[in-house]
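Engineer: Below are the sequence and a predicted model for it; my questions follow.
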Amino acid sequence: MEALAATKFGPPHKVLQFVQTDIPEPGPTELRIRVQYAELNPVDLHKLAGGPNNGKPIPPNKCPLIVGYGGSGIIDKVGWEVLSSDDDGEKVESSSSSSSLKVGNEVAFLCDARKNGSYAEYVIVDHRLVSLIPNGVSLAEAASVPLSGCTAYEALEKVGLNNTWS
């Protein structure tokens with residue numbers, strides 16, 4: 001797959017480049033999503049800068065570093081624990097939210113900051129960080145919500161306003 005990634009830390013215009021890398025495989029509780037839109041956020045720039053590591057190579061176990069903390073796309077593959085039933089029809093996963101996640105669903109997602117991100121054709125995401133896109137909301141619109149929505153909610157929590165909706 002093609003991804004926009006970095007092999008060393010530094011300013012995005014100097015370190016980001018298109019690379020070819022393997023299509024990732026989901027673990028038991030993960031989904032593989034074909035990315036349609038990636039959210040652009042200042043935190044991506046901070047991660048790329050690397051703080052004191054600016055200009056240094058990215059460690060081999062993290063290279064290439066694919067940033068992007070959220071986005072939207074279409075579920076391409078589902079981990080076996082996320083499936084709602086096995087071949088015999090037996091229930092595998094009891095969570096109502098994950099049982100509705102199926103191949104072909106349009107979803108918005110938040111990436112795990114410790115793993116590769118959404119500036120790629122495919123991304124692996126824990127099923128708990130994925131939400132179905134409601135009718136009437138486009139993939140482009142939905143991609144703008146995951147990280148910025150979490151940031152807004154955290155700000156409301158910090159000032160004590162999150163309980164006003166309960």
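Structural biologist: Structure received.
Engineer: Provide the backbone phi and psi angles at the residue positioned nearest the centre of the chain.
Structural biologist: The C-alpha lying nearest the average C-alpha coordinate of the chain belongs to Cys111 (CA atoms, centre = their mean; 2.8 Å). Taking degrees, to the nearest 10, you get phi -90, psi 150 for the backbone angles of Cys111.
Engineer: could you point out the longest helix in this protein?
Structural biologist: Ranked by residue count, the top helix of the chain under DSSP state H comes out as helix 146-158.
Engineer: Would you enumerate the residues in contact with the residue nearest to the centre of the chain?
Structural biologist: Gly68, Tyr69, Gly70, Gly71, Gly117, Ser118, Val123, Val125, Leu129 (CB atoms under 8 Å, 6 or more residues apart in numbering). To be clear about C-beta, it is placed using only N, CA and C from the backbone, and glycine gets the same treatment.
Engineer: Where does the prediction get shaky in this protein?
Structural biologist: Scanning the chain with the threshold set as pLDDT under 70 gives 84-99, 162-166.
Engineer: Output the contacts of Cys111 as CSV; include the columns secondary structure, distance to Val137 and neighbour count.
Structural biologist: Listed next are these as CSV, based on DSSP: H, G, I helix; E, B strand; the rest coil; distance: CB to CB, whole Å; neighbours: other CB atoms under 10 Å:
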residue, secondary structure, distance to Val137, neighbour count
Gly68, coil, 20, 24
Tyr69, coil, 19, 24
Gly70, strand, 15, 28
Gly71, strand, 14, 30
Gly117, coil, 22, 25
Ser118, coil, 18, 31
Val123, strand, 20, 30
Val125, strand, 18, 25
Leu129, helix, 18, 17
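Engineer: which of those residues lies closest to Gly27?
Structural biologist: For the contacts of Cys111, the residue nearest Gly27 by CB to CB is Val125; the value is 10.6 Å.
Engineer: Spit out the contact partners of the closest residue to the closest one other than its chain neighbours.
Structural biologist: In space, and not counting its chain neighbours, Val125 is closest to Phe109: 4.6 Å by CB to CB, 6 or more residues apart in numbering. Contact analysis of Phe109 by CB under 8 Å, 6+ apart lists 31, 33, 70-73, 118, 123, 125, 129-131, 146.
Engineer: Considering these, which is situated nearest to Asn53?
Structural biologist: Looking across those and measuring by CB to CB, the closest to Asn53 is Ser118, at 22.1 Å.
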